[in-house]
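Novice: how would this look folded up:
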Amino acid sequence: MTPDLRTFSLELFPPQTPEGAEKLRAARARMALLKPSFFSVTFGAGGSTRDRTLDTVLEIQSEGHAAAPHLSCIGSTRESIRSILDQYRAHGIRQLVALRGDLPSGMARPGAFRYANELVEFIRAETGDWFHIEVAAYPEYHPQAKSPREDLLAFKRKLDAGANSAITQYFYNFDAYANFVDESRAIGIDVPIVPGIMPISSYSSLARFSDNCGAEIPRWIRRRLESYGDDTASIQAFGLDVVTHLCEQLLASGVPGLHFYTLNQVLLTSTLWQRLGLAVAGSSAACGGLPSSGPARMRGRRGC
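Specialist: This is a model prediction of the structure:
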């Protein structure tokens, strides 16, 4: 994909307290200097952050930036999802990230929707083409998938239901993403598949996240991170080198953009952004300083 069509986006989670809201406003002001294509805002299990997600999205819009709220179907009813969609439409929001989500603690049944493809189908039936719908993809396979093939078919069902593009779970193995794209194209999936990028700020946090979501931390990275103990500066410096190299590989291979899981933190994401020459998202300078070609199997792929 040509650089001027790529998207570079930042993910936030809605704050839980007034103090958290103030901290996020300050962080977001600094992130806005990076000129991302859009900010996405997460949505808690069963809609637990519904109002805070909307409030955060509206603040982002009022600041002149594009925003894409997440929408989770597990634990939700058709009426509650319909109400949320009506609110988003009323406020002129045109992009959503539609996810299955996790079952809230203590809830025995998933609600009206079991899977994300059912949510996507419902959104299309209710709103037509109003929303650009992003869905999740898993280069290293969803931890609950019965097999790699079934996981790939589950991804395809979301797109067949009407999704426009996908954002992946984070990963640190370029080949995992490359193979996933190859397999997707082989079964007729041709939408943009944007890699999700997780900066490394803490080994213990990363290990916990990865164990929960099924993202692999390659052994050589784990061992290096473990060797630094409580030396946060060394962990972050090493992490920046690892993630910068991964992003360079991805951009050189022709990916349609990058989506950064910021965890509401500025420093590491902004450092990566600057290292990669992404100061102006969506411009021809977006990939400045990077190699001009990548692995042969990825070159020229539409919407990798």
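Novice: So which residues of the chain form strands?
Specialist: 7-12, 38-41, 67-72, 95-99, 132-137, 165-170, 193-197, 257-261 (DSSP state E).
Novice: Pull up the pairing partners for the shortest one, direction included.
Specialist: Pairing partners of strand 38-41, with direction, according to DSSP bridges: strand 7-12 (parallel), strand 67-72 (parallel).
Novice: Send over stretch 145-158 as CSV, restricted to the C-alpha atoms.
Specialist: Taking Å, rounded to 0.1, in the frame of the first residue of the first chain, the C-alpha atoms of stretch 145-158 are listed here in CSV:
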residue,chain,number,x,y,z
ALA,A,145,-9.8,-21.0,18.9
LYS,A,146,-10.2,-24.8,18.3
SER,A,147,-7.7,-24.7,15.5
PRO,A,148,-5.8,-22.2,13.2
ARG,A,149,-8.2,-23.0,10.4
GLU,A,150,-11.3,-22.3,12.5
ASP,A,151,-9.8,-19.1,13.8
LEU,A,152,-9.2,-18.0,10.2
LEU,A,153,-12.7,-18.9,9.2
ALA,A,154,-14.1,-16.9,12.2
PHE,A,155,-12.1,-13.9,11.0
LYS,A,156,-13.7,-14.4,7.5
ARG,A,157,-17.2,-14.5,9.0
LYS,A,158,-16.7,-11.1,10.5
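Novice: Enumerate the positions of that stretch that are buried.
Specialist: Neighbour counts over stretch 145-158 (16 or more other C-beta atoms under 10 Å) mark 145, 151-152, 154-155, 157-158 as buried. C-betas here are computed from N, CA, C, even on glycine.
Novice: ok, so of those residues, who is nearest Asp182?
Specialist: Among the buried residues of stretch 145-158, Leu152 lies closest to Asp182 (C-beta to C-beta), at 10.9 Å.
Novice: just checking, that closest one touches Ser184?
Specialist: Yes - the pair Leu152 / Ser184 is scored as a contact, 6.8 Å apart, by C-beta atoms under 8 Å.
Novice: residues touching Ala137, list them.
Specialist: Applying C-beta atoms under 8 Å, 6 or more residues apart in numbering, one finds that Ala137 lies in contact with 155, 166-169, 180, 184, 193.
Novice: so, if you compare the residues you listed, which one comes nearest to Ile217?
Specialist: Gln169 (12.7 Å).
Novice: Which of the strands of the chain sits closest to Leu246?
Specialist: strand 193-197 (7.5 Å).
Novice: helices or strands up against that closest one?
Specialist: strand 165-170, helix 174-186, helix 232-252, strand 257-261 (3 or more C-beta pairs under 8 Å, 6 or more residues apart in numbering; DSSP states H and E).
Novice: Export the last one to CSV, keeping only CA atoms.
Specialist: When you say that, I think you mean strand 257-261. Provided in CSV are the C-alpha atoms of strand 257-261 (Å, rounded to 0.1, in the frame of the first residue of the first chain):
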residue,chain,number,x,y,z
GLY,A,257,-0.6,1.2,8.7
LEU,A,258,0.1,0.6,12.3
HIS,A,259,-2.2,0.7,15.4
PHE,A,260,-0.4,1.5,18.7
TYR,A,261,-1.8,0.2,22.0
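Novice: buried residues in stretch 80-98?
Specialist: Those buried within stretch 80-98 under the rule 16+ other C-beta under 10 Å are 80-81, 84-85, 87-88, 93, 95-98.
Novice: same question but for stretch 126-140, I mixed them up
Specialist: 127, 131, 133-140.
Novice: Also stretch 237-246?
Specialist: 238-240, 242-243, 246.
Novice: Now pLDDT too, for those residues, in TSV please.
Specialist: Listed next are the buried residues of stretch 237-246 as TSV, based on pLDDT from 0 to 100:
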residue	pLDDT
Phe238	98
Gly239	98
Leu240	98
Val242	98
Val243	98
Leu246	98
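Novice: Of the residues you listed, just say which sits nearest to Gly75.
Specialist: The closest of these to Gly75 turns out to be Val243 (C-beta to C-beta; 32.7 Å).
Novice: Just confirm that closest one contacts Leu272, I think it does.
Specialist: Yes - between Val243 and Leu272 there is a contact under C-beta under 8 Å: 6.0 Å.
Novice: Report the set of residues contacting both of these two.
Specialist: Common neighbours of Val243 and Leu272, counting by C-beta under 8 Å, 6+ apart, are 197, 199.
Novice: quick one on the thing from earlier: need the strands of the chain in JSON lines (columns: mean pLDDT and distance to Asn117).
Specialist: Output for the strands of the chain, formatted as JSON lines (pLDDT from 0 to 100; distance: least, C-beta to C-beta, whole Å):
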{"stretch": "strand 7-12", "mean pLDDT": "97", "distance to Asn117": "22"}
{"stretch": "strand 38-41", "mean pLDDT": "96", "distance to Asn117": "20"}
{"stretch": "strand 67-72", "mean pLDDT": "94", "distance to Asn117": "13"}
{"stretch": "strand 95-99", "mean pLDDT": "96", "distance to Asn117": "9"}
{"stretch": "strand 132-137", "mean pLDDT": "97", "distance to Asn117": "8"}
{"stretch": "strand 165-170", "mean pLDDT": "98", "distance to Asn117": "12"}
{"stretch": "strand 193-197", "mean pLDDT": "98", "distance to Asn117": "16"}
{"stretch": "strand 257-261", "mean pLDDT": "98", "distance to Asn117": "21"}
